[in-house]
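*Asks:* Sequence and predicted model, in that order:
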Amino acid sequence: QSALTQPASVSGSLGQSISISCTGTSSDIGYYNYVSWYQQHPGEAPKLLIYDVTYRPSGVSPRFSGSRSGNSASLTISGLQAEDEADYYCSSFTTGNTLEVFGGGTKLTVL
Amino acid sequence: QVQLVESGGTLVKPGGSLRLSCAASGFFFNDYYMSWMRQAPGKGLEWVSYMSSSGYSMYYADSVKGRFTISRDNAKNSLYLQMNSLRAEDTAVYYCARSFPRGMPQEYWGQGTLVTVTS
């Protein structure tokens, strides 16, 4: 059971926009501005897409954006491309000894 | 460019021990906080352990506390994970990652090394 809750799957057509939700608690997403999103293609290591809710590391496409409201966060991908098909994980800093908690992951299918 | 290369993963029996290594290059290793992450087959990501740049601060997930030990050798640009009393549920791909100073997020990841715990 993951600490954060994500939908198991989402899908969208080429060129469309989709959002992936991530729900936590007042001890993680709701308390810290430290929500991150990772992208993982099959057989590859995860790649950091978003950190601190809305910031993109250098080299990440501006088609990826993040937001937060209360105990939930969202990743929005605009202008869907075939290469966006991957698993997406949210994470948050949290109170206690576990520094980073994750969602269970969302499989994005591009139609 | 930043490179992290893990090694040491293999098949091991329950109760056994294993030491993973991570060779870092492309950045000044001494300045950065480092972590170990893992992903069980077909499952999600799990934070395992974290060490500060100096090596003085370290944290562990409850699932590995008392069994795993993180360490680093800044002179060798290397990070290590000593894993003892291994259990079937420790079976996973283990990733070395460069972390933000607070321990997350993981800015760069290695390609991972597979640890399989089975009798």
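*Replies:* Happy to help now that I have it.

*Asks:* where do the strands sit along chain A?
*Replies:* In chain A, the segments counted as strands under DSSP state E are A:9-12, A:18-23, A:35-40, A:47-50, A:64-69, A:72-77, A:86-93, A:100-102, A:106-110.

*Asks:* any idea of the mean pLDDT in the longest one?
*Replies:* When the per-residue pLDDT values of strand A:86-93 are averaged, the result is 97.

*Asks:* How far off centre is it?
*Replies:* Using C-alpha atoms, centre = their mean, to the nearest Å, the mean C-alpha position of strand A:86-93 is found 4 Å from that of the whole chain.

*Asks:* what residues does chain A put near chain B?
*Replies:* With the criterion set to C-beta under 8 Å from any C-beta of the partner chain, chain A comes near chain B through A:2, A:34, A:36, A:38, A:40, A:44-48, A:51, A:57, A:89, A:91, A:93, A:97-105. C-beta here means a position set from N, CA and C on the backbone, and glycine is covered the same way.

*Asks:* what's the residue closest to the geometric middle of chain B?
*Replies:* Compute the mean C-alpha point of chain B, and by C-alpha atoms, centre = their mean the closest residue is B:W36, 2.8 Å away.

*Asks:* Tell me who's in contact with it.
*Replies:* In this structure, B:W36 makes contact with B:20, B:22, B:48-50, B:68, B:70, B:79, B:81, B:94-97, judged by C-beta atoms under 8 Å, 6 or more residues apart in numbering or on different chains.

*Asks:* so which of those residues are also by chain A?
*Replies:* Taking C-beta under 8 Å from any C-beta as the test, chain A is in contact with B:50, B:95 out of the contacts of B:W36.

*Asks:* now, which of the contacts of B:W36 lie within strands?
*Replies:* Cross-referencing the contacts of B:W36 with the strands (criterion: DSSP E) gives B:20, B:22, B:48-50, B:68, B:70, B:79, B:81, B:94-97 as the overlap.

*Asks:* what's next to the helix or strand of chain A with the lowest mean pLDDT, contact-wise?
*Replies:* Counting by mean pLDDT, DSSP states H and E, chain A has its least confident helix or strand at strand A:100-102, which shows a mean of 94. Where contact means C-beta under 8 Å, 6+ apart, the residues beyond strand A:100-102 that reach it are A:2-4, A:24, A:28, A:36, A:89-94, B:44-47, B:103-106.

*Asks:* for stretch B:111-119, same thing?
*Replies:* Here stretch B:111-119 makes contact (C-beta under 8 Å, 6+ apart) with A:44-45, B:4-14, B:16, B:18, B:20, B:39, B:83, B:86-95.

*Asks:* Okay, now the unreliable bits of chain A?
*Replies:* Across chain A, not a single residue meets the criterion (pLDDT under 70).

*Asks:* on that earlier part again, I'd like the ones in strands among the contacts of B:W36 laid out as a markdown table, including distance to A:S61 and pLDDT.
*Replies:* Written out in a markdown table, the entries for these read as follows (distance: C-beta to C-beta, whole Å; pLDDT from 0 to 100):
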| residue | distance to A:S61 | pLDDT |
| --- | --- | --- |
| B:L20 | 33 | 98 |
| B:C22 | 28 | 98 |
| B:V48 | 29 | 96 |
| B:S49 | 31 | 96 |
| B:Y50 | 29 | 94 |
| B:F68 | 36 | 98 |
| B:I70 | 33 | 98 |
| B:L79 | 30 | 98 |
| B:L81 | 33 | 98 |
| B:Y94 | 29 | 98 |
| B:Y95 | 23 | 98 |
| B:C96 | 26 | 98 |
| B:A97 | 22 | 98 |
